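**Q** Got a sequence here, can you model it:
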Amino acid sequence: METELRARTLAEAISQRAADAADRIAYTFLPDGEKESHSWTFAELEQLTRALAARISREVAPGDRALIVAPDSADFVLAFLACQFAGVIAVPVYPPFPVTSPRRVETLRTIAADCGAAAVLCAAPEQTRGLLVEAAPELDRLRWIGIVADADGAAGFEPVPVTGADVSFLQYTSGSTSAPKGVVVTHDALMHNQELLCRTMGYSAESRIVGWLPLFHDMGLMGIVVPAVYAGSRTVLMPPLTFVQRPVRWLRAVTRYRATITGGPNFAYELCCRRIPAADRVGIDLSSLEVAFNGAEPIRAETLAKFAAEFAGHGFDSTSYYPCYGLAESTLMTTGSRRGAGAVTLTVSREELAEGRVTPGTDQTLVGSGRASLHRELLIVDPDTRIPLPDGQVGEIWIGGPDAALAYWENEDATRETFRAETVAPQSGPYLRSGDLGALVDGELYVVGRRKDLVIIGGRNYYPQDIEHTVENADPRIRRGCTAAFAVDREGGEELIVVAEVKADADPDIAALTASLRAAVSVDHSITPARVVLVRAGTVPKTSSGKLQRRATRAAFEAGTLDEITAAATEAVQL
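**A** Coordinates of the predicted model:
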């Protein structure tokens with residue numbers, strides 16, 4: 001069944017908005033998270049986009065790849081949309097600043113080499129070039145193009161003709177379990193996914209969106225930036241750091257602009273509960289919210305309950321919760337809740353879950369991530385036999401549909417493994433293999449973990465995020481979101497290791513703290529870690545989007561390079 005799209009490309013959508021709603025505001029920018037710097041109407045946006053596209057076209061050819069290195073929200077939006085006009089393949093990257101961070105610079109180098117980048121789009125090309133070339137000399141050969149918000153040059157430039165099968169942008173994966181890979185997103189896939197968002201989440205010309213998510217990441221790009229153009233929504237943007245520094249800025253922006261759609265990963269709601277004191281909550285009004293999406297990491301039932309309870313007095317309605325699931329390979333959106341219905345939860349037996357079955361119990365509450373919709377097919381498959389599994393069985397999540405991406409950039413082996421999967425008994429496909437584990441119960445998807453991260457000891461399955469959650473809630477001195485659980489090979493078989501960051505201002509009794517954490521895991525999961533390793537803040541590796549890198553943590557543990565807090569070190573500090 002053919003899906004009717006509102007536009008065939010983003011360039012076409014921008015031109016439509018400029019013609020039909022010229023004076024309506026498209027984007028508003030809050031560079032410090034509070035004060036407006038400026039806004040762009042749709043007419044202004046089209047002129048600025050055309051002008052920058054004209055400059056890009058003078059430097060590189062259609063189909064070339066251009067890295068977008070733009071910490072500033074306005075610069076990023078303009079650069080990304082200008083690439084659509086110029087027929088250039090946009091490659092959003094994590095801004096590698098400071099350049100003293102080897103990990104960030106190495107990620108940029110890897111992406112630039114992998115995609116064969118021809119250009120870099122940035123706000124201050126000479127300054128940025130000088131900083132980055134010193135750390136990565138091979139970048140000097142690229143064309144460095146300044147992102148300038150100036151309409152000069154817009155006249156006479158027409159968007160480069162493209163087809164739906166042409167590539168719009170490359171979305172590099174976060175690299176939580178492997179090196180980043182460039183997901184090829186065509187104009188067709190991009191537009192189909194935006195239509196899915198409009199039909200399921202209700203994006204429209206009447207929507208008011210507030211976002212702080214990183215724009216180079218798929219959730220920020222597809223869920224915050226692009227809907228302004230495709231659906232004609234008004235979007236208010238603030239940098240991620242301004243939210244992390246003071247979470248109340250997010251809720252104040254929702255209040256000020258009467259936002260109807262906003263959201264983020266689970267930790268964002270947790271942060272609001274923990275770091276917005278009562279005095280700062282005065283004047284917060286969340287009654288305008290129709291959709292508060294939650295995705296990109298495990299969704300915790302207790303977080304949803306806590307946020308709803310603490311902000312009910314400020315107008316928050318828990319029916320606006322919109323748990324969802326997606327990944328870059330499916331152009332973000334894969335499943336979503338029913339709008340206005342709130343979160344669906346299921347309390348299950350942890351014992352049965354360890355055996356790969358989702359059955360009613362009293363031990364653990366799972367949050368549903370919604371249902372497949374709009375011509376999308378969702379299967380749970382045994383990853384080893386490739387046989388589809390019935391309801392309630394845990395397996396790998398496989399996805400089919402018109403907005404799934406087609407390939408990884410110039411990586412045929414990974415493309416074949418991930419995007420060309422076929423089931424047996426019955427044989428069907430191709431499907432996208434998500435690498436995530438989950439189960440379907442009455443059509444609702446419950447995501448339980450990453451296949452590559454699964455800990456299997458004694459024939460039982462342990463989901464690392466559940467163990468990490470136990471550790472982080474066992475003692476207030478443990479930093480949330482900074483614990484990694486994994487298995488290591490030993491002569492007698494595999495052993496469970498937990499690495500946990502301790503707050504910088506904590507004064508732990510190492511022996512007592514590790515003992516209490518081991519006991520907490522044992523009680524909750526019927527397995528005792530062979531070791532609990534306490535490390536200093538900032539030790540556990542993460543991706544550019546903040547996801548834990550468990551395999552990198554395991555490698556550092558096995559190499560003995562973790563910044564471990566020892567009893568001797570603690571005693572030295574106390575002296």
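**Q** Give me the contacts around stretch 135-143.
**A** 59-60, 67, 96, 99, 105, 108-109, 112-113, 117-120, 129, 132-133 (Cβ atoms under 8 Å, 6 or more residues apart in numbering). (Each C-beta comes from the backbone N, C-alpha and C, glycine too.)
**Q** If we use 10 Å, what do you get?
**A** With contacts defined as Cβ atoms under 10 Å, 6 or more residues apart in numbering, stretch 135-143 is touched by 56, 58-60, 64-67, 69, 96, 98-102, 104-106, 108-109, 112-113, 117-121, 125, 128-130, 132-134.
**Q** Sort out which residues of that stretch are buried, please.
**A** Residues A135, A136, L139, L142, R143 are the ones in stretch 135-143 that count as buried (16 or more other Cβ atoms under 10 Å).
**Q** Show me those residues that map onto strands.
**A** With strands defined by DSSP state E, the entries of the buried residues of stretch 135-143 inside them are R143.
**Q** burial measure for V471, as a count.
**A** The tally of other residues near V471 (other Cβ atoms under 10 Å) stands at 24.
**Q** Apologies, that question was intended for E126.
**A** The criterion is other Cβ under 10 Å. On that basis, E126 has 10 neighbouring residues.
**Q** Where does pLDDT dip in the stretch 101-250 of the chain?
**A** Regions of the stretch 101-250 of the chain meeting the criterion pLDDT under 70 cover residues 175-178.
**Q** now swap in the stretch 301-450 of the chain and tell me
**A** In the predicted model of the stretch 301-450 of the chain, residues 402-405 satisfy pLDDT under 70.
**Q** residue ranges of the helices in it, please?
**A** Remark: helices of the stretch 301-450 of the chain, listed N- to C-terminal, are 301-311, 350-354, 412-419; assignment by DSSP state H, counting those that start in this stretch.
**Q** can I get these in a markdown table with mean neighbour count?
**A** Formatted as a markdown table, the entries for these read as follows, by neighbours: other Cβ atoms under 10 Å:
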| stretch | mean neighbour count |
| --- | --- |
| helix 301-311 | 17 |
| helix 350-354 | 19 |
| helix 412-419 | 15 |
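**Q** Between those helices, which one is closest to P464.
**A** When these are ranked by distance to P464, counting by Cβ to Cβ, first place goes to helix 350-354 at 12.8 Å.
**Q** ok, back up a step: now the helices of the stretch 301-450 of the chain in CSV, with distance to L215?
**A** As requested, the helices of the stretch 301-450 of the chain are arranged in CSV below (distance: least, Cβ to Cβ, whole Å):
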stretch, distance to L215
helix 301-311, 24
helix 350-354, 36
helix 412-419, 25
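**Q** now, which of the contacts of stretch 135-143 lie within strands?
**A** Counting by DSSP E, the part of these found in strands is R65, A66, L67, A119, V120, L121.
**Q** Show the contacting residues for the last one.
**A** So that's L121. L121 makes contact with 52, 55-56, 59-60, 66-70, 75-76, 78-80, 82-83, 88, 90-92, 143-147 under the criterion Cβ under 10 Å, 6+ apart.
**Q** If any of the residues you listed are buried, give me the PyMOL selection for them.
**A** Applying 16+ other Cβ under 10 Å to the contacts of L121 leaves a buried subset, and the PyMOL line that selects it is:
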select buried, resi 52+55+56+59+60+66+67+68+69+70+75+76+78+79+80+82+83+88+90+91+92+143+144+145+146+147
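**Q** In helices, which of the contacts of L121 fall?
**A** Using DSSP state H to define helices, the subset of these located there is L52, R55, I56, E59, D75, F76, L78, A79, F80, A82, C83.
**Q** Need the nearest residue in space to the first one, chain neighbours excluded.
**A** Nearest residue to L52 in three dimensions, chain neighbours excluded: A82, at 3.8 Å (Cβ to Cβ, 6 or more residues apart in numbering).
**Q** what's near enough to touch the residue lying closest to V229 once chain neighbours are set aside?
**A** The spatial neighbour of V229 that comes closest, neighbours along the chain excluded (Cβ to Cβ, 6+ apart), is A13 at 4.9 Å. Residues in contact with A13, defined by Cβ under 10 Å, 6+ apart, are 5-7, 42, 81, 84, 191, 194, 226, 228-232.
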